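Undergrad: Okay, sequence plus prediction incoming.
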Amino acid sequence: MSDSRVTGAVRFAEDVELPGMLHACVLRSPYAHARIVGVDTSAVPPGVVVLTPGDARRLGRYGCQIQDQTVLALDRALFVGDPVAAVAAATPREAQEALALIDIDYEPLAAVFDAVEAAQPEALLVHDSHTVSQNDAAYFALRPQPGTNVCHRFQIRHGDVEVGFAEADSIVEETFHTAAAQHAHMEPHACVARWDGAALEVWTGTQTPFNLREDLSRAFGLEPERIRIVCEPMGGSFGAKTFLRTEAIAAALAHRAGRPVRLVVPRSDEWVTLNRHPATIHVKLGARLDGTLIAKQVACYVDTGAYADCGPGVAQKMGFAAPGPYRIPNVRVDAFCVYTNLPPNGAFRGYGQMQSTWASERAMDLLAERLALDPLELRLKNLLCNGDRYCTGETMRDVNFVECLQAAADAIGWSAGRRGKGLSVVLKGMQTPSQASIAIEAEDDGTYVLRCATTEMGQGAHRAISLLAAELLEVDVHRIRFPSPDTSLVPYDTRTTSSRSTYMMGRALEEAVHDLRRSGSRRGHGKVADEGGLDPDTGQGIASTHWHQGAAAAEVRVDEETGSVEIVHLHTTIYAGRVVDRPAAELQNEGSMIMGLGSALYEEIVFEDGAVLNANLSDYPLLAFADLPGRLTHDLLEREGAQIHGLGETALPPVPPAVGNALESLGIRLTELPMTAEAVLDAVERRAEATA
Amino acid sequence: MSNEPEWLAPRSLEEALALKAERGEEATVVAGGTFVGILVNQRLLAPSAFLSLRGIPGLADVRVSDELRLGAMTTHRTVELSPAVRRGWPALAHTFGVVASPRIRNHATVGGVLADADHASDPPAMLVALGARAVVRSVRGEREVPVEEFIVGYYQTSLAPDELLVEVRVPGSPHRAAYRKFRSRSHEDRPCVGVAACRRGDDLRVVVGAVAERPQYFRELCVLGRDPVEIGRAYADAIDPLSDVSGSSEYRSRVIAVEVRRALEDLAS
């Protein structure tokens, strides 16, 4: 399975070749906000197929959670990079050259680039109204705020924070900020679309085949069953290849052309295709002198850019994770998903969790400092244990925060001295409600074919599910076949996100194997559905049917003359419940940690008037292998008889606060990510001024 | 529809010079392609022709006599690993060895890094500190230009449209030199500040790279025996650094003071 990636035999969406296929290019707005006054395509040579806002106007609106998207911008372009026209030609070069022959007349408009500013009542509106999507991805109650840029507001109301703060001996209050980031998946977004009469076929790399099918059905006014999505293996995704990205433009061009169309996003355009939400998070945390937490109030401003995408879900997850894995009797959370004139932001390995954990775990160390308590002791005193209730009202089961945190602290020798060392702990929900189904087909040659919608992006889900199938069917894993998902052949699944596939599909698989044996037929079917969800106004209910848990520990050295930070040792302990494929699980941990370090130290999309200044892999600072810590260690916590816990994302969110808290131990206080050398040097100077 | 760009691949230097005389700036010279490739991919450059130097024999030679002669097509990796360079000019080998990653260093060339005149490169500052000269040829003849005069501004050199950079000559007299690459971000990143220092007899040269349009060298500030702290501060005062994603102008000023001092300390140690 991994062999084909090593040898290059793997076929990505970009490699799909169909007879008569044309190549697409997209013309994007140079303005962050502009009225489209005129479109002149008369200079485009015949033979090149053009799609204009006028053509897109005849297609439907879509959007996975808020129905705010059209196939191209219609009257207004809403961000620098918003698609305003597209062409398809016989070669990519001809398509590229034809773009230059399209003349768009714009009238630039005022724009808004900051979520806190955009959330104010008097802010200019990015969208005039908010229509909640009927897509299955809108799985929770949405609360758009009419007449504002807030497309979803999520609240937790638990106890009474006013009473709590009145009883507190000590209160810390701080505003935290995290930067926009790019997934930087190796394989760019790519798809091929073909029409067969009134039926549409799309070959694409996607984590969300059924949600994509629903949005395409809205855009083209087709029954979902008339659309077939073939999910090619992805060369990385990290959340970037979710929902509808480029597929509608390719399909619209293919329809006009009467020929198949391939669309491959150039690397520089990835920074205007989908990014990670920047967030501003206000935290107020109150405790008794002994460190017992008593009240917490959090406001999250989640910048979703010009289109909501799954921003409402990200805001909700950022909100319900904001209290952290602690017993707190009084909690108030307000999370706002806010439109701005930046490129759209969406799912990014952890879905708001990194932003939330940064604010939450940094605040814990600020409190420890204020109360002169050991940050480890402060956490241990308050961590949720089995049987405790979370602020959502749900009872915690199979939680192991204490064990994870203690193991992480031990790994960096916390008890031998804490200077230059930092800890953090993460509680992360899994998409709830959600469902999974799978079919197993027994073949004459003794092999079994798995039909399910779990997609493969390099995370190893196909391998893990195949291993589980081999175990349940008591055959060698080589007898299991797992073809790329095709929506015309596989049963419905929520999507391949949220570290849910091995857990959810693994349980559906057990049912399918039982069904196969019980029925005595050649086909078994299994389905599981986890119920739950939160009230959007009170945050009460079931946030997650099981919890992803982990802790990180970092030891740093700082060059206090330049602000350079050296990571001496980084460790995470992640709760796995049961490990299915150990090498893959370890790689997930390491990959998450490395990505977390990128967020901690370097990664930031730099904007000027809404335009990305570092949209290339030279200026956008990814972590390189030479940047890895002197020691990078991790372990997977298992328990006899425990359920599988997903771990594709868990080790990322706790890394930035572990590093931030290590700096805090040196008196270097940072509230913003990334913690660049320049920001660290500024903090060193602030420390010097404070002590002078 | 326009035509594909022409690929000119001369087999001799004479042929290359004739093509350069004929086509001038219309033909973009390609050495390792690590810089031109980025420009083309980002659509910042779409020339009608490329002039590749790859097929010209002898342009990648490393020769050592009383001085070091690096052919323009010598790769960074070759300079980094050459026993002769490591023996006689260890700081130069080190400087080429801290550029980007081995994949890049296997392609990027000595001639390319000077001729593209990208301010955010490591080798130019070290070559200026070492007093290196660029050898430039055209059908009109050959001339030698000190490297500090070869790079004249952002992506600007003193090359005439018909000229090719063919060799870099580094003086061989005994010297001590040090290069400090300060990266504000990833290890594979370009320098935020690069400081090259070289002492040859009583001559001291401190050159700061990556902070302005060309390597910054202030002869009057390089006084042997002066306190390194003072020289560092003086360089920070003398340079008006650029601001970009690697660091603000103010930040670079602070780092220049520190890294110049450290380079002088490295030289003394």
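TA: Sure, I can see it.

Undergrad: and the most centrally placed residue in chain B, helix, strand or coil?
TA: For chain B, the residue nearest the mean C-alpha position is B:P124 (2.8 Å; CA atoms, centre = their mean). Three-state call for B:P124 (DSSP: H, G, I helix; E, B strand; the rest coil): helix.

Undergrad: That one reaches B:V152, doesn't it?
TA: No - with contacts counted by CB atoms under 8 Å, B:P124 stays clear of B:V152, the gap being 11.8 Å. In this view, the C-beta of every residue, glycine as well, is placed from N, C-alpha and C.

Undergrad: Overlap of the contact sets of those two?
TA: B:117, B:214 (CB atoms under 8 Å, 6 or more residues apart in numbering or on different chains).

Undergrad: returning to what we had before: report how many residues lie close to the residue nearest to the residue nearest to the centre of chain B when sequence neighbours are not counted.
TA: Excluding the flanking residues, the one nearest B:P124 by CB to CB, 6 or more residues apart in numbering or on different chains is B:P215, at 5.1 Å. Number of residues near B:P215 (other CB atoms under 10 Å in any protein chain shown) recorded here: 24.

Undergrad: ditto for A:M504
TA: So A:M504, with other CB under 10 Å, has 28 neighbours.

Undergrad: Wasn't it part of a strand?
TA: No - counting by three-state DSSP, A:M504 is located in no strand; its state is helix.

Undergrad: Tally up the residues packed near residue 212, please.
TA: In the absence of a named chain, chain A is used. 30.

Undergrad: meant chain B actually
TA: Residues near B:A212, counting by other CB under 10 Å: 16.

Undergrad: in the helix or strand containing A:M364, what counts as buried?
TA: Using DSSP states H and E, A:M364 sits in helix A:353-371. By neighbour count with 16 or more other CB atoms under 10 Å in any protein chain shown, helix A:353-371 contains the buried residues A:353-369, A:371.

Undergrad: Can you pull out the low-pLDDT segments for the chain?
TA: Answering for chain A, as no chain was given. A:1-2 (pLDDT under 70).

Undergrad: I was after chain B.
TA: Within chain B, the stretches with pLDDT under 70 are B:1-3.

Undergrad: What parts of it come near chain A?
TA: Where chain B comes near chain A, counting by CB under 8 Å from any CB of the partner chain, the residues are B:1-2, B:4, B:38, B:41-42, B:101, B:182, B:184-190, B:192, B:245, B:247-248, B:251, B:254-255, B:258-259.

Undergrad: right, and B:E149 touches B:L159 too?
TA: No - at 11.3 Å, B:E149 does not count as touching B:L159 under the criterion of CB under 8 Å.

Undergrad: neighbour count winner among those two?
TA: The neighbour count for B:E149 versus B:L159, taken as other CB under 10 Å, is higher for B:L159 (21 against 13).

Undergrad: any idea how far that one is from chain A?
TA: According to CB to the nearest CB, to the nearest Å, B:L159 and chain A sit 24 Å apart.

Undergrad: check contacts around that residue.
TA: B:L159 sits in contact with B:115, B:136, B:150, B:165, where contact means CB under 8 Å, 6+ apart.

Undergrad: Please tabulate these in CSV, including the columns neighbour count.
TA: Converted to CSV, those look like this (neighbours: other CB atoms under 10 Å in any protein chain shown):
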residue, neighbour count
B:A115, 23
B:V136, 22
B:F150, 24
B:L165, 23
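
Undergrad: How is chain A divided into domains?
TA: The record assigns chain A these domain ranges, following automatic domain parsing: A:3-109+A:189-264, A:275-431+A:538-691, A:435-530.

Undergrad: which one of the ones you listed is the most hemmed in?
TA: For the domains of chain A, the largest average neighbour count (mean count of other CB atoms under 10 Å in any protein chain shown) is found in domain A:275-431+A:538-691, namely a mean of 22.

Undergrad: B:E67 and chain A: what is the separation?
TA: Separation of B:E67 from chain A (CB to the nearest CB): 33 Å.

Undergrad: so how many other residues sit close to that residue?
TA: Neighbours of B:E67 using other CB under 10 Å come to 16.

Undergrad: who does it bridge with?
TA: Beta-bridge pairing for B:E67 (DSSP bridges): B:P171.

Undergrad: quick one, what contacts it?
TA: When contacts are counted by CB under 8 Å, 6+ apart, B:E67 touches B:169-172.

Undergrad: Which of those are buried, as a PyMOL select command?
TA: In PyMOL, a selection of the buried entries from those looks like this (16+ other CB under 10 Å):
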select buried, chain B and resi 169+170
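
Undergrad: thinking A:V338 is in contact with A:A115, fair?
TA: Yes - between A:V338 and A:A115 a contact is recorded at 4.2 Å, counting by CB under 8 Å.

Undergrad: Mutual contacts of these two, please.
TA: Listed as contacting both A:V338 and A:A115 by CB under 8 Å, 6+ apart are A:301-303.

Undergrad: which residues sit in contact with A:S466?
TA: Residues near A:S466 by CB under 8 Å, 6+ apart: A:1, A:450, A:477, A:480, A:482.

Undergrad: For the nearest residue to it once chain neighbours are set aside, list the residues it contacts.
TA: Closest residue to A:S466 apart from its sequence neighbours, by CB to CB, 6+ apart: A:I480 at 4.3 Å. Each residue near A:I480 by CB under 8 Å, 6+ apart is listed here: A:447-448, A:450, A:466, A:469-470, A:473.

Undergrad: Swap in 7 Å and give it another go.
TA: Applying CB atoms under 7 Å, 6 or more residues apart in numbering or on different chains, we find A:I480 in contact with A:448, A:450, A:466, A:469-470.

Undergrad: A:H23 - that's part of a strand, no?
TA: Yes - according to three-state DSSP, A:H23 belongs to a strand.

Undergrad: my read: A:A251 touches A:W203, true?
TA: No - contact criterion CB atoms under 7 Å: A:A251 and A:W203 do not qualify, at 11.3 Å.

Undergrad: can you give me the helices in chain B?
TA: Per DSSP state H, chain B carries helices over the ranges B:13-23, B:34-41, B:76-81, B:83-88, B:90-97, B:102-105, B:110-115, B:123-129, B:147-150, B:228-238, B:249-268.

Undergrad: which of the residues in the fourth one are buried?
TA: To tie it back to what came earlier, the one meant is helix B:83-88. For helix B:83-88, a neighbour-count test (16+ other CB under 10 Å) marks B:85, B:88 as buried.

Undergrad: got a list of contacts for that helix?
TA: Residues contacting helix B:83-88 (CB under 7 Å, 6+ apart): B:62, B:64, B:68, B:79, B:92-93, B:172.

Undergrad: Can I get that helix in PDB? Just the C-alpha atoms.
TA: Output of helix B:83-88 as PDB, limited to C-alpha atoms (Å, rounded to 0.1, in the frame of the first residue of the first chain):
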ATOM      1  CA  PRO B  83      39.200  19.000  -0.100                       C
ATOM      2  CA  ALA B  84      41.300  21.800  -1.600                       C
ATOM      3  CA  VAL B  85      38.700  24.500  -0.700                       C
ATOM      4  CA  ARG B  86      38.200  23.100   2.800                       C
ATOM      5  CA  ARG B  87      42.000  23.100   3.300                       C
ATOM      6  CA  GLY B  88      42.800  26.600   1.900                       C
END
